[in-house]
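Chemist: This is a predicted model, with the sequence first.
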Amino acid sequence: MRALLAAAALAPALLAAQTPDVSADRYSFYLVVGDRDTVITERVWRMPAQIHGEFLEHQRGARVSYVAALAPDASITTVAAHTYRSAADTAGEIATFEVSGDQVVAQIGASERARIPGAVGLVPMINPSAAFIEQVIRRALVINRGLLTPGATATLPVLVIGAPQSVTATVTGVSADSVVLSYASVTMRLAVAADGRLLGGRAPSQGLTIVRGPAGDPLVAPVKDYTAPPGAPYRAQDVTIRTPAGIRLTGTLTLPTGVRGPVPAVVTITGSGPEDRDEQSPALPAYRPFRQLADTLGRRGIAVLRLDDRGMGGSDVGPRTVTSEDFADDIRAGVAYLRTRSEIDCARIALVGHSEGGVIAPIVAESDPKLRGMVLMAATASPGSVILRSQQHYLVDTVAKLAGEARESALAQYQRNTDSVAAAVPWLRWFIEHDPSAVARRVRTPVLIVQGEADHQVPASEAEKLAAAFRAGGNRRVTVRTFPETNHLFVTDTTGGFAYERLPSLDVRRDVLGAIAGWLADTLR
């Protein structure tokens, strides 16, 4: 009967049945970064023919409710999901994914149905739901006739929803109560019961721990605090702006108090991935660099506008075809908003961009010569393809320490993965092809480039390359500051590895904040 239903009708029908059977097995999963921060909480109701669940991403308040229909062989025939992308999103988006032979038929919102290549027996997975990881283990047990003894291996196709195609997952028995699950570039060591229940686990490369617990209370998105600290010489005001394309952006404007006349101002620009106005991400909840920066500048008499990324906080998600060019339009809207405020001196506005934000800032400055200055933190001079290769070589050569055929195979796999994702994701395709140096040669805005010497995400050599590009175009107000034992986050770190969640502190170095504040105070004087 289910196969006869159109996908568009199937999702609401399944989601409407969100009241699980009273006999359902109820439990919770928690995803913990390092040993400190719970980033995902998931509630699960498991029945013989269905899994009901919901999970909450603590950082941005995003929530997903889902129902997965199960076949007797532990495969999944249909997944229906209702996604709320932030705490302010009350409508959400409904999607369904129906396995049909060797493909998945996807219906996302009101878009046309899409067919995703897969394989017979495929298991769809919603990332980062632990309940779907548990179902992969249960399916592997069926394939191996109920046993995953040490050394025994089961392979099965899985589709991480959102990926352009399926991949092969491998489940290998380690002991009577543990297995290793590997797919794409993820490897997890999992504790399991004889019936396939997931009891816990760890993904070392991501610094994530999966903890199983009893059923908990309904999930409620936390309310985030962006107010000024007690006694601060500035006030914090929530703001909402709209871009010319109609995208709503939420943020915070900090305004110095006790000063006379219009004040200078800065617009901050976050790095890649979903981040809020503080540049806080779900993966690193203890890292809030723009809150630190706003506090530092507020005490110097400089206003700061920090905006939530699209899909974070109360900001609109926008189209899926978005690239950094679109994000540049968001920052232009932020600058335009500041110019409407009587408290702001329109002739003294600057930008501060970190990582991808350091790529976006020159794009904005090229179209707005009235900007007084910009600070580029760990910005790139080379195209994204060069930066990605550098990161991949670091992971293969320094972290994994591979050599010979294993090294070449790993690098080739990285390239295949990059090509596959770039073909489906416009943002990555744009990043790979964009040449920041070409833009820099057309910009005359005064610029401070700051770089951590231990940065392995953006090599330290990129700072001088970028400065040379600005100077080659005739820009003579170019300053470079580098900081020893400082990583991509501008946090104290001697190695610059990517396991940031393991660092004892994620506070931005005080000398970095001081250098930025000092340069901006002089430039905006």
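Modeler: It's in.
Chemist: alpha carbons only for contacts and neighbour counts from here, please
Modeler: OK.
Chemist: Wasn't T78 part of a strand?
Modeler: Yes: T78: assigned to a strand according to DSSP: H, G, I helix; E, B strand; the rest coil.
Chemist: got a list of what it touches?
Modeler: Residues in contact with T78 (C-alpha atoms under 8 Å, 6 or more residues apart in numbering) are 68-70, 96-99.
Chemist: now do 7 Å
Modeler: Taking C-alpha atoms under 7 Å, 6 or more residues apart in numbering, we find T78 in contact with 68-69, 97-99.
Chemist: Also D177?
Modeler: 191-193.
Chemist: With pLDDT, secondary structure and neighbour count added, can I get the residues you listed in a markdown table?
Modeler: Listed next are the contacts of D177 as a markdown table, based on pLDDT from 0 to 100; DSSP: H, G, I helix; E, B strand; the rest coil; neighbours: other C-alpha atoms under 10 Å:
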| residue | pLDDT | secondary structure | neighbour count |
| --- | --- | --- | --- |
| A191 | 85 | strand | 20 |
| V192 | 88 | strand | 20 |
| A193 | 85 | coil | 11 |
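Chemist: Include distance to D455 when you put those into JSON lines, please.
Modeler: Shown next, in JSON lines, are those (distance: C-alpha to C-alpha, whole Å):
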{"residue": "A191", "distance to D455": "35"}
{"residue": "V192", "distance to D455": "38"}
{"residue": "A193", "distance to D455": "42"}
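Chemist: Go through the contacts of T78 and say which is closest to E433.
Modeler: When these are compared for distance to E433 (C-alpha to C-alpha), F97 wins out at 32.0 Å.
Chemist: now the closest one, nearest residue through space, not along the chain?
Modeler: Closest residue to F97 apart from its sequence neighbours, by C-alpha to C-alpha, 6 or more residues apart in numbering: A106 at 4.5 Å.
Chemist: what lines up beside the strand or helix carrying the one you found in the sheet?
Modeler: In this structure, A106 sits in strand 103-108 according to DSSP states H and E. Strand pairing for strand 103-108, using DSSP bridges, gives strand 93-100 (antiparallel), strand 114-117 (antiparallel).
Chemist: Quick one: low-confidence residue ranges for this structure.
Modeler: Low-confidence segments of the chain, defined by pLDDT under 70: 1-23, 34-36, 147, 217-223, 282-283.
Chemist: try 50 this time
Modeler: Scanning the chain for pLDDT under 50 picks out 1-19.
Chemist: what residue of it is the furthest out?
Modeler: The centre of the chain is farthest from one residue, R260, which by C-alpha atoms, centre = their mean lies 40.1 Å away.
Chemist: Mind checking what secondary structure that residue has?
Modeler: Secondary structure state of R260, per three-state DSSP, is coil.
Chemist: Ok, K465 next?
Modeler: K465 - assigned by three-state DSSP - is helix.
Chemist: measure the residue nearest the centre of the chain to A140 for me?
Modeler: Central residue of the chain (C-alpha atoms, centre = their mean): G273, 3.4 Å from the mean position. To A140, G273 is 32 Å away according to C-alpha to C-alpha, to the nearest Å.
Chemist: And stretch 58-72, what's buried?
Modeler: Residues of stretch 58-72 classed as buried under the neighbour-count rule (16 or more other C-alpha atoms under 10 Å) are 58-70.
Chemist: Could you check which helix or strand contains the nearest residue to L395 once chain neighbours are set aside?
Modeler: Distances taken as C-alpha to C-alpha, 6+ apart put K401 closest to L395, at 8.0 Å, once the chain neighbours are dropped. For K401, there is no host helix or strand (DSSP H and E).
Chemist: T168 too?
Modeler: strand 167-175.
Chemist: I would like the residues contacting that strand, please.
Modeler: Contact with strand 167-175 is made by 140, 148-159, 179-184, as judged by C-alpha under 7 Å, 6+ apart.
Chemist: Please apply the same query to stretch 386-396.
Modeler: By C-alpha under 7 Å, 6+ apart, the surrounding residues in contact with stretch 386-396 are 402, 407, 411, 456-458.
Chemist: Next: stretch 444-460.
Modeler: 365, 369, 371-378, 380, 387, 391, 463, 475, 477-488, 490, 494-497.
Chemist: From what I see, I116 and Q103 are in contact.
Modeler: Yes: counting by C-alpha atoms under 7 Å, Q103 is a contact partner of I116 at 5.6 Å.
Chemist: any idea how the chain splits into domains?
Modeler: Listed by automatic domain parsing, the domain ranges of the chain are 2-214, 234-382+435-523, 383-434.
Chemist: I'd like to know which of the ones you listed is closest to T227.
Modeler: domain 234-382+435-523 (5.5 Å).
Chemist: what's the first-to-last distance across that closest one?
Modeler: Criterion C-alpha to C-alpha; first-to-last residue distance in domain 234-382+435-523 is 21 Å.
Chemist: Could you do stretch 237-250 as well?
Modeler: Taking C-alpha to C-alpha as the measure, stretch 237-250 stretches 11 Å from start to finish.
Chemist: Identify each buried residue in it, please.
Modeler: For stretch 237-250, a neighbour-count test (16+ other C-alpha under 10 Å) marks 241-243, 247-250 as buried.
Chemist: now do stretch 94-103
Modeler: Neighbour counts over stretch 94-103 (16+ other C-alpha under 10 Å) mark 94-100, 103 as buried.
Chemist: A236: which of the residues you listed is nearest?
Modeler: I94 (35.4 Å).
Chemist: Quick check: bridge partners of that closest one?
Modeler: In beta-bridge terms (that is, DSSP bridges), I94 pairs with H82.
Chemist: And the helices in the stretch 201-350 of the chain, which stretches?
Modeler: Per DSSP state H, counting those that start in this stretch, the stretch 201-350 of the chain carries helices over the ranges 289-298, 324-338.
Chemist: Roughly how far does G246 sit from E93?
Modeler: Per C-alpha to C-alpha, G246 is found 19 Å from E93.
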